[in-house]
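Engineer: predicted coordinates and the sequence they were generated for:
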Amino acid sequence: MAETRTDPVGLNSSQQLHLLSSAQHADKLLAEIESILTASRSRSAFPKYKNPLPPAQAKVVEDYLSRIRAQIVRVLESQDVAVPEPGFESVHSMRVTLAFIRIAFQECTPDRMRGYGEVAESKVRELNGLVDEMIAAVDKLDTYLAQGLAQDLEARLENLARTGADVGLLSTLQRIIANHGLVEFRQTLAMILDRLESKHFEIALFGRVSSGKSSLLNHIVDREILPVGVNPITSVPTRLVFGDSPRLSIWYADRSPERTDLVRLPEFVSEQQNPANSKHVTRIVAELPSARLKDGVVLVDTPGLGSLATSGAAETLAYLPRCDLGVVLIDAGSTLTEDDLATVRTLYEAGIPASLLLSKSDLLNPADREQSLQYISGQVRSQLGLTIPIHPVSIEAKQSSLLEAWLSEVLLPLYERHQQLARESLGRKVGSLREAVVTALRLRLDRAPDANSVDVNQIDSALRQAVGRIAEVRELCLQTAQTVREEGDRALEAAADALNAKWSEGSSDSTAVVEKELVRIAAESSRTISTALNELATELTESLRSTSDALELENVHQEDDLRAAIKEMPRLDPGDLKIDIHPTLLMKLAKRTSVHQIHSGLKRQIGAQVDEAFLNLGRMLDSWARQTLSELQRRFETHADTYRAHLHRLRTHTGLSNSEQAAMREDLMALGASADKSAEAVPVR
């Protein structure tokens, strides 16, 4: 609002307001002239203006616009009219506009297009792909805007250079990507910087409830930080990282993150203070000044396997592939369990080193300890086909040498090898990015491959069909997850039939028979999801390969197999089943009647528990499938965007100026020189 004044020789408030409104309207019209200048020079898909002004004349117009705006401000100031402060955040406004763009394309799905007439079946997949392709493109820009300064690649490279990292080739790539508008490579470069900035080596501890994980972690960091003797129920692991001073950071699903005192940790990880994760915690990071957490080591305490917290156990299994080393604790006071073996199996299937610890080893005398180590080693070898050393550890002072031996003989060598492997992988990724940028520049310069020899529309359509397949699989997975939610009663019927058969054979372990049948039905019902996702990953990988072949480009995605995005699927956790059904009388009945009676008894005793277990499994499968599909699409789009950019350049016939051609040739020479220098060196910190 304009300032007012009472000077009778000046403008009154209404007159000032009118002058301000006129100036604002004039400025808006000047902005329209600017947009005409910009639009006439742009490569819009729907050009509105023709005969653009030559650059020199356009510059003169822009200078006049600037001068007129300055004049407007001076006029307002001369009449004591204050210029209002900006009322909107530019980034927020752009993101809101992107949201409307997203909605516009969501209205183009086959289901919504049917309001304009029946959609041909042959077009459904491509139409789904078109929508998902456009939304993915919008989401990339939205993510870039949301991350703000974190996406300032030039500043991040400067920070890395100050730490001693060799970022010469990466800096050259960043400059070329920015100067030539090769935005399709920004995400790849950002991921490389993420790797280079982080030296984290994540060591996750897995084990059943009361296996001693928390006590062992407290001992390692030399601080009583994790609560001992409680059931962890949060659906996310607790990460211990180095910090100059103790601090706890909590992220929530429904509100802003919170930083608080470390002593409050039990409020978020114990069943007593956060029942069923009622606080909606999504992430927990505890910082503390521990010597063993320096050099990027991160220790992770996961929810206990086999606990009553079904979602917590499932999230623990889902977390497995994210760590660099999985440490599985086996309680010396108990025995090796199927959950322990499943955890080790999943680690190795994900290509992650595993270390087995016999915790609470002080409970055993030397002879019993050796016997226990041999038994566990034998079981792992016979059931998994793996030979893994088992290390006894204890937090008791008199047994501290056991833990120190494991830390120095196992942990440190693995950490050093991890850093070396990370450097080698990083070097390959930088090399692949360099080759992709070189190809893009040469394509713009040489128009190779010949645009006439490549069916651009066919390749573009094939990529879109692949994206459309993602939409189909998403619908299948969500429908299957919904079906699994309702499978409790069918599983009980199958369990009743299995019980009847086992009793006929003389078996009497009812609980084991029922649990095995419930798990079988759950796995059978869920298999559709894993099969569909694996087939989709194969199809998407093949789509990228065939596209790169058609464009005569290097297969740059070969190191990033999409199938690696599919991790361990959630499994049914029926909990502790209490069954009190005896075969004595039922076996005298006809089979059909006997099975019916058994089913009725099971439904009465554990029906609600089984229904809840399948309901939870369906929810977890829904969440897991959505996350997996999102990751598959992210990986696919990272490479597909590069190919789409090549297709766009093949379609574009706008010639390059002599200066643009010279700049590209100079940059190609710079990349060649950088490659020669980096042939024997990998970016390191």
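Structural biologist: Yep, that arrived.
Engineer: which strands or helices does the strand or helix carrying Gln482 pack on?
Structural biologist: Under the criterion of DSSP states H and E, Gln482 resides in helix 456-485. In terms of contacts (3 or more C-beta pairs under 8 Å, 6 or more residues apart in numbering; DSSP states H and E), helix 456-485 is packed against helix 121-147, helix 510-550, helix 591-651. Where you see a C-beta, it was placed from the backbone N, CA and C, and this is true even at glycine.
Engineer: next SSE after it?
Structural biologist: Toward the C-terminal end, the helix or strand that comes next after helix 456-485 (DSSP H and E) is helix 488-504.
Engineer: so which bits of that following helix are buried?
Structural biologist: Under the neighbour-count criterion of 16 or more other C-beta atoms under 10 Å, helix 488-504 has 488, 491-500, 502-503 buried.
Engineer: can you redo those residues as JSON lines with pLDDT and distance to Leu325?
Structural biologist: Listed next are those as JSON lines, based on pLDDT from 0 to 100; distance: C-beta to C-beta, whole Å:
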{"residue": "Gly488", "pLDDT": "91", "distance to Leu325": "38"}
{"residue": "Ala491", "pLDDT": "91", "distance to Leu325": "36"}
{"residue": "Leu492", "pLDDT": "91", "distance to Leu325": "41"}
{"residue": "Glu493", "pLDDT": "91", "distance to Leu325": "43"}
{"residue": "Ala494", "pLDDT": "90", "distance to Leu325": "39"}
{"residue": "Ala495", "pLDDT": "88", "distance to Leu325": "39"}
{"residue": "Ala496", "pLDDT": "87", "distance to Leu325": "44"}
{"residue": "Asp497", "pLDDT": "87", "distance to Leu325": "44"}
{"residue": "Ala498", "pLDDT": "86", "distance to Leu325": "40"}
{"residue": "Leu499", "pLDDT": "83", "distance to Leu325": "42"}
{"residue": "Asn500", "pLDDT": "80", "distance to Leu325": "47"}
{"residue": "Lys502", "pLDDT": "78", "distance to Leu325": "41"}
{"residue": "Trp503", "pLDDT": "75", "distance to Leu325": "46"}
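Engineer: closest to Gln374 out of those?
Structural biologist: Lys502 (32.8 Å; C-beta to C-beta).
Engineer: just give the nearest non-adjacent residue to the closest one, would you?
Structural biologist: Val513 (5.0 Å; C-beta to C-beta, 6 or more residues apart in numbering).
Engineer: redo the helices and strands packed on helix 456-485 as TSV? Include mean pLDDT.
Structural biologist: Converted to TSV, the helices and strands packed on helix 456-485 look like this (pLDDT from 0 to 100):
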stretch	mean pLDDT
helix 121-147	82
helix 510-550	89
helix 591-651	84
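Engineer: so can I have JSON lines of those helices showing distance to Ile470 and mean neighbour count?
Structural biologist: As requested, the helices and strands packed on helix 456-485 are exported to JSON lines (distance: least, C-beta to C-beta, whole Å; neighbours: other C-beta atoms under 10 Å):
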{"stretch": "helix 121-147", "distance to Ile470": "6", "mean neighbour count": "17"}
{"stretch": "helix 510-550", "distance to Ile470": "7", "mean neighbour count": "19"}
{"stretch": "helix 591-651", "distance to Ile470": "5", "mean neighbour count": "19"}
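Engineer: okay, the ones you listed in JSON lines with distance to Ala190 next?
Structural biologist: JSON lines is the format used below for the helices and strands packed on helix 456-485 (distance: least, C-beta to C-beta, whole Å):
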{"stretch": "helix 121-147", "distance to Ala190": "9"}
{"stretch": "helix 510-550", "distance to Ala190": "20"}
{"stretch": "helix 591-651", "distance to Ala190": "10"}
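Engineer: how about those, which one is nearest Ser372?
Structural biologist: helix 510-550 (23.9 Å).
Engineer: tilt between that closest one and helix 456-485?
Structural biologist: Using axes from the mean of the first three to the mean of the last three C-alpha atoms, to 10 degrees, the inter-axis angle of helix 510-550 relative to helix 456-485 is 170 degrees.
Engineer: what angle separates helix 510-550 from helix 591-651?
Structural biologist: Using the same axes, to 10 degrees: helix 510-550 against helix 591-651 is 20 degrees.
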